[in-house]
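Asks: what's the 3D shape of this:
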Amino acid sequence: MPLTLEIVTPEGKAYTGEVDDVVLPTANGEVDILPGHQPMLTIIEPGEIQATTGGSREYLAVDKGFARIQNDVVSVLSDGAINVQEIDLNFVEDARARAEDALAKARAEGHDPAMIEQLESVARFAMTQLLVKSKKH
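Replies: Here you go, the predicted structure:
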């Protein structure tokens, strides 16, 4: 019996499908989820989700978030997620540089902490995408 993997971001569903197993980047290290896994709630760290279906492995870059495993459903709520094949390195590098520049300026000018946190999130997810894409894909 396969698992159902759902990844949801503030923009909507980033991924949904049936998979044989899922490896999640958690606060306590990577966790491999197989059908019949015990119910679990965990913090997701920025990194790579690996989903295997029929011997084929798919890689997704994710930002921080949470995962819930229950009844063979793996639900991931993340600030961002993208399939590694869809990552445009030039676009991501440009976005990272712009976010870091804006972040430095916002910190220097003492801007609102919520704005600074949003800029940190953009820069962090851009770095995550760059690292995951360059890893082996």
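Asks: in which helix or strand would I find E93?
Replies: According to DSSP states H and E, E93 maps onto helix 89-108.
Asks: check what contacts that helix and list those residues.
Replies: For helix 89-108, contacts defined as CB atoms under 8 Å, 6 or more residues apart in numbering pick out M115, I116, L119, E120, V122, A123, A126, M127, Q129, L130, K133. C-beta here means a position set from N, CA and C on the backbone, and glycine is covered the same way.
Asks: try 10 Å this time
Replies: 61, 82, 88, 111-113, 115-130, 133-134 (CB atoms under 10 Å, 6 or more residues apart in numbering).
Asks: in the next helix-or-strand element following that helix, what counts as buried?
Replies: As assigned by DSSP H and E, the chain's next helix or strand after helix 89-108 is helix 113-136. Across helix 113-136, burial judged by 16 or more other CB atoms under 10 Å covers 118-119, 121-130, 132-133.
Asks: turn these into CSV, including pLDDT and distance to I43.
Replies: Below are those laid out as CSV (pLDDT from 0 to 100; distance: CB to CB, whole Å):
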residue, pLDDT, distance to I43
Q118, 83, 20
L119, 83, 22
S121, 86, 15
V122, 86, 20
A123, 88, 20
R124, 88, 15
F125, 89, 16
A126, 89, 21
M127, 88, 18
T128, 90, 15
Q129, 88, 20
L130, 87, 22
V132, 88, 18
K133, 85, 23
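Asks: with just CA atoms, put stretch 63-76 into PDB.
Replies: The C-alpha trace of stretch 63-76 is given here as PDB (Å, rounded to 0.1, in the frame of the first residue of the first chain):
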ATOM      1  CA  ASP A  63      12.000  25.400   3.500                       C
ATOM      2  CA  LYS A  64      11.200  25.100   7.200                       C
ATOM      3  CA  GLY A  65       7.900  23.800   8.300                       C
ATOM      4  CA  PHE A  66       6.100  20.800   9.900                       C
ATOM      5  CA  ALA A  67       5.200  17.300   8.800                       C
ATOM      6  CA  ARG A  68       2.400  15.000  10.100                       C
ATOM      7  CA  ILE A  69       2.400  11.300   9.400                       C
ATOM      8  CA  GLN A  70      -0.900   9.600  10.000                       C
ATOM      9  CA  ASN A  71      -2.800   6.700   8.300                       C
ATOM     10  CA  ASP A  72      -0.200   6.400   5.400                       C
ATOM     11  CA  VAL A  73      -0.600  10.200   4.600                       C
ATOM     12  CA  VAL A  74       2.500  12.400   4.900                       C
ATOM     13  CA  SER A  75       1.400  16.000   5.100                       C
ATOM     14  CA  VAL A  76       4.100  18.700   4.900                       C
END
